[in-house]
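# Return a 3D structure for these sequence lines:
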Amino acid sequence: MIKIKSTQMNDYLNFVFCFDKNYNLQAQTCIISLLEKVSEPINIFIIYSEPFSPDTFSAKINNHQMLNNLKVFHYKEQDIQFPNIGNGHVSQATYYRFFISNYISSTEEFLIYMDVDIVCINDPVLKFKTEIKKLKKSKFIIGASVEHHHDKELEVFNRLNLKKDYFNAGVLLINYKLWRKNSTGSQLLKHMELVKDKVRYWDQDVLNSYFDSKFLILSEEFNYSTATRPHYTKEYNAINDDVTFLHFSGKIKPWHIKGTNGEVSEFYHRNFRLINKLKYHLLKRNRKLDSADLLSLIFFLKVFKLDFTISFLIQSLRHLYSFQNNNQKI
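The predicted model follows:
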């Protein structure tokens, strides 16, 4: 465990992140977006795949005035086989949240788990304090936003035999006292073994199958998931005004050329710029696909809706050229 700052912790909201070294930049972008928007200092807990040094993170995060405490724990669980890893765009770190009670102190009462492909758009503090009161009164262990309302025609309900709505697990409000009292982490691991052959969407499927109907429903503003909104790129003003957390769910992310497709993607890159000198965060998918995606952005004029069109074009061309260099080295 690395402890970077320390003051009295119990009066602050606690945010939890689980990720591996391949998502350092995405995680920092998510965290800086949160720190820039909160109206009160917060605590941040991270369960991380590697031994951690404070230098891994930007000084702008480590020294941020809204960061009360940052604790990073090295994930050390061994010999656990997680379902469906290697068949998608996620790593085993998505399952780390099952082990939070192995790392985070029992003195904490409530936790807010967040995926790292999320950016904070508006201040979540007062809204979460209201939801915490609701969760405590409800006696549920978690709160989450609904992704699919119950529909027997949707395969996920039949595959997992769900009785009610299916939630997106990218943001979870957790009654940590009840989580520990009910040994929820251990119960999830046992349940995972029972449903492992049915799991398609990783820990989210396990969580939905385990908590089926037993969760507090949070407003979609806490987890505005792009995967279920094909027209989200046209909703910039609504997102800017009303959304708390914008979740770039699904396979295409804003750090792909295809995902940098207009104003909404700038919510991610504006926060990326706070801790990086580059204007855009671009990662490789496939040279042919990335080339076609760039041409599409230009043809449909979406590239001109970006904050820094010329910088994006220059970075994209360098990005595509790097494929050629890599091929030559091979």
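
# How far off centre is the helix or strand in which Leu178 is found?
Taking DSSP states H and E as the criterion, the element that holds Leu178 is helix 176-181. Helix 176-181 has its C-alpha centroid displaced from the chain centroid by 22 Å (Cα atoms, centre = their mean, to the nearest Å).

# any residues touching that helix, and which ones?
By Cβ atoms under 8 Å, 6 or more residues apart in numbering, the surrounding residues in contact with helix 176-181 are 14, 100-101, 104, 106, 108-111, 139-142, 184-185. For glycine as for every other residue, the C-beta is placed from the backbone atoms N, C-alpha and C.

# Other residues contacting the longest helix anywhere in the chain?
As assigned by DSSP state H, the longest helix anywhere in the chain is helix 309-329. With contact meaning Cβ under 8 Å, 6+ apart, helix 309-329 is reached by 257, 260, 278-280, 282, 284, 287, 290-291, 294, 303, 306.

# switch to 6 Å and redo it
Helix 309-329 has contacts (Cβ atoms under 6 Å, 6 or more residues apart in numbering) with Ile257, Lys279, Tyr280, Leu282, Arg287, Ser291, Leu294, Val303, Leu306.

# Can you pull the phi/psi pair for the residue nearest the centre of the chain?
Geometric centre of the chain, nearest residue: Asp115, 1.7 Å, by Cα atoms, centre = their mean. Taking degrees, to the nearest 10, you get phi -70, psi 160 for the backbone angles of Asp115.

# I'd like the distance between it and Glu40.
Look at Asp115 and Glu40: by Cβ to Cβ, to the nearest Å, they are 22 Å apart.

# same deal with Thr184?
From Thr184 across to Glu40, the span is 27 Å (Cβ to Cβ).

# Give me the more crowded residue out of those two.
Neighbours were counted for Thr184 and for Glu40 using other Cβ atoms under 10 Å; Thr184 has more, 23 against 13.

# Give me the pLDDT value at that one.
Thr184 is assigned 98 on the pLDDT scale.

# Tell me the spatial nearest neighbour of it, not counting adjacent residues.
Distances taken as Cβ to Cβ, 6 or more residues apart in numbering put Ile141 closest to Thr184, at 6.0 Å, once the chain neighbours are dropped.

# What ranges does the stretch 1-150 of the chain have for its helices?
Per DSSP state H, counting those that start in this stretch, the stretch 1-150 of the chain has helices spanning 24-37, 59-62, 125-138. These are given in chain order.

# just these: most buried one?
For those, ranked by mean neighbour count under the definition mean count of other Cβ atoms under 10 Å, the leader is helix 24-37 at a mean of 22.

# Just the CA trace of that helix, in CSV.
Listed next in CSV are the C-alpha coordinates belonging to helix 24-37 (Å, rounded to 0.1, in the frame of the first residue of the first chain):
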residue,chain,number,x,y,z
ASN,A,24,-2.8,4.6,-16.2
LEU,A,25,-3.6,7.5,-18.5
GLN,A,26,-7.3,6.8,-18.7
ALA,A,27,-7.5,6.4,-14.9
GLN,A,28,-5.6,9.7,-14.3
THR,A,29,-7.9,11.5,-16.8
CYS,A,30,-10.9,10.1,-14.9
ILE,A,31,-9.5,11.1,-11.6
ILE,A,32,-8.5,14.6,-12.6
SER,A,33,-12.0,15.2,-14.1
LEU,A,34,-13.4,14.2,-10.7
LEU,A,35,-11.1,16.4,-8.7
GLU,A,36,-11.8,19.4,-10.9
LYS,A,37,-15.6,19.1,-10.4
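
# That one versus helix 125-138: what angle between them?
Orientation check (axes from the mean of the first three to the mean of the last three Cα atoms, to 10 degrees): helix 24-37 against helix 125-138 gives 100 degrees.

# coming back round to it: output the helices of the stretch 1-150 of the chain as a markdown table; include the columns mean pLDDT and distance to Arg180.
Compiled in a markdown table, the helices of the stretch 1-150 of the chain are given as follows (pLDDT from 0 to 100; distance: least, Cβ to Cβ, whole Å):
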| stretch | mean pLDDT | distance to Arg180 |
| --- | --- | --- |
| helix 24-37 | 98 | 25 |
| helix 59-62 | 96 | 28 |
| helix 125-138 | 98 | 15 |
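
# need those in a markdown table with distance to Tyr48, can you?
Written out in a markdown table, the entries for these read as follows (distance: least, Cβ to Cβ, whole Å):
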| stretch | distance to Tyr48 |
| --- | --- |
| helix 24-37 | 9 |
| helix 59-62 | 14 |
| helix 125-138 | 24 |
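
# Relative to Thr226, which of those helices is closest?
In terms of Cβ to Cβ, the element of these nearest to Thr226 is helix 24-37, at 14.5 Å.

# Identify all contacting residues around the closest one.
By Cβ under 6 Å, 6+ apart, the surrounding residues in contact with helix 24-37 are 17, 19, 57-58, 61, 64, 66-67, 116, 118-120, 123, 271-272, 274-275.
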